[in-house]
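Undergrad: model this:
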Amino acid sequence: MVRVIGFDDAGIARAKKRGAEKLRRRPVALAYSPGADTLSITMPSGAIVIIPRMWIWEIAELPKTAVKKLYLNKWRDALHIDDHDVQISALGLLRHAVMGEDPYARAGSTTSPAKIRAARLNGAKGGRPKKRARR
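TA: Next up, the predicted model:
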């Protein structure tokens, strides 16, 4: 007999609760101001983040008439312009606008003399060890 897990009333209630928690952190409104050439993103707390359009490379070269068609999707997690096939992560845009470039993304590409020596030493030993097959 097959037992389906998660589609009972309790499972559905848990899923709705998780979905509501995610929506609580997502933007609630988006507006474009052609005069100032900025996007205004309103958060659930009432805070408004204003971002110059030129900071957003996906829409920097588009005409203002196209940017006026920018909207939040129904899940409020991305900004879209259908005519130009543009999708921008709302939270990624906010993180980049407020905090700048992600320092953790750059950390892996950092090189130093110690890192170079360690890589060469590991390479001389045969590199990364092979994964052992589980029995």
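Undergrad: residue nearest the centroid of this protein?
TA: With distances taken as CA atoms, centre = their mean, Gly92 lies nearest the centre of the chain, 3.4 Å away.
Undergrad: in the chain, which spans are helices?
TA: 9-23, 57-60, 64-67, 90-99, 103-107, 113-124 (DSSP state H).
Undergrad: what stretches of the protein score poorly on pLDDT?
TA: Within the chain, the set of residues satisfying pLDDT under 70 comprises 1-6, 102-110, 135.
Undergrad: let's have the helices of the chain in CSV, adding distance to Asp83.
TA: Where you see a C-beta, it was placed from the backbone N, CA and C, and this is true even at glycine. Output for those, formatted as CSV (distance: least, CB to CB, whole Å):
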stretch, distance to Asp83
helix 9-23, 27
helix 57-60, 12
helix 64-67, 6
helix 90-99, 19
helix 103-107, 31
helix 113-124, 46
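Undergrad: looking at those, which is nearest to Ala133?
TA: Across the helices of the chain, Ala133 has its closest neighbour in helix 113-124 (22.2 Å, CB to CB).
Undergrad: residues in contact with that closest one?
TA: By CB atoms under 8 Å, 6 or more residues apart in numbering, the list of residues contacting helix 113-124 from outside reads Arg128.
Undergrad: that one: how far from the chain's middle?
TA: 34 Å (CA atoms, centre = their mean, to the nearest Å).
Undergrad: got the CA positions of that helix in CSV?
TA: C-alpha atoms of helix 113-124 as CSV (Å, rounded to 0.1, in the frame of the first residue of the first chain):
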residue,chain,number,x,y,z
PRO,A,113,51.5,32.8,-1.5
ALA,A,114,50.4,30.3,1.2
LYS,A,115,47.4,29.2,-0.9
ILE,A,116,49.6,28.8,-4.0
ARG,A,117,52.1,26.7,-2.0
ALA,A,118,49.4,24.5,-0.5
ALA,A,119,47.8,23.9,-3.9
ARG,A,120,51.2,22.9,-5.4
LEU,A,121,52.0,20.6,-2.5
ASN,A,122,48.6,18.9,-2.8
GLY,A,123,49.1,18.6,-6.6
ALA,A,124,52.5,16.9,-6.0
